[in-house]
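> Have a look at this prediction, sequence included:
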Amino acid sequence: MANPQDSLSREHGGIPWKHVIGYLLSIILTALALWVTFETGFSTRTILIIIFIFAFLQAALQLLMFMHMTESSEKKSKLTGQTQTGNILFAAFIAIVIVAGSVWVMSAGHAEHDHHKMDSKTHDMKMDGDMKMDHGDHK
């Protein structure tokens, strides 16, 4: 009985180079996204666009390198290929909904937080003005 790990090692000459390269490229893409975020003077919008591009590239990289998207078998039927394509499209849809929803919720939360900050500043300024008026009336 053949061990699947043995056949993997024989195919890659002992080291699964495809996986090692994919892993290193994933780390590089993550490091680049962090560098763009913390070390550049780009606007927030530009940083978000760059991060989304890196995220898309990393997702594609992982599909190709780790999920064996390019590998096919002659035994697979046309229906299996259609099912796989449908699953990929559904997964992409779910990922887009999660990312877009997260950005929307976080930005709406910050807008509400900023709105409360402005209300409290306005309230504090009004209170200071009322106190000054009270002090002026006592003279």
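Yes, it's here.

> Per-residue confidence at I28, what does it come out as?
On the pLDDT scale, I28 is placed at 94.

> Where does it fall, secondary structure wise?
helix 17-39 (DSSP states H and E).

> And that helix, what does it pack against?
Judged by 3 or more C-beta pairs under 8 Å, 6 or more residues apart in numbering; DSSP states H and E, helix 17-39 is in contact with helix 44-65. The C-beta positions use only the backbone N, C-alpha and C, and glycine is treated the same way.

> before we move on, the earlier item: would you mark the buried spots in the helix holding I28?
22, 26, 29, 33, 36 (16 or more other C-beta atoms under 10 Å).

> what does stretch 53-72 give?
Buried residues in stretch 53-72, counted by 16+ other C-beta under 10 Å: 54, 58, 61-62, 65.

> Pull the most distant pair out of those residues.
Spanning the widest gap among the buried residues of stretch 53-72 are F54 and M65, at 15.6 Å by C-beta to C-beta.

> Is I15 part of a helix or strand, or is it coil?
Under the three-state scheme (DSSP: H, G, I helix; E, B strand; the rest coil), I15 adopts coil.

> So it versus M67, what's the distance?
Distance, I15 to M67, by C-beta to C-beta, to the nearest Å: 20 Å.

> next one: L57
For L57, the distance to M67 (C-beta to C-beta) stands at 15 Å.

> returning to that earlier point: I'd like the buried residues of helix 17-39 as CSV, with distance to T83 appended.
Shown next, in CSV, are these (distance: C-beta to C-beta, whole Å):
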residue, distance to T83
G22, 24
S26, 27
L29, 29
A33, 33
V36, 37
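
> A108: which of those residues is nearest?
Using C-beta to C-beta, A33 is the member of those that sits closest to A108, with 23.4 Å.
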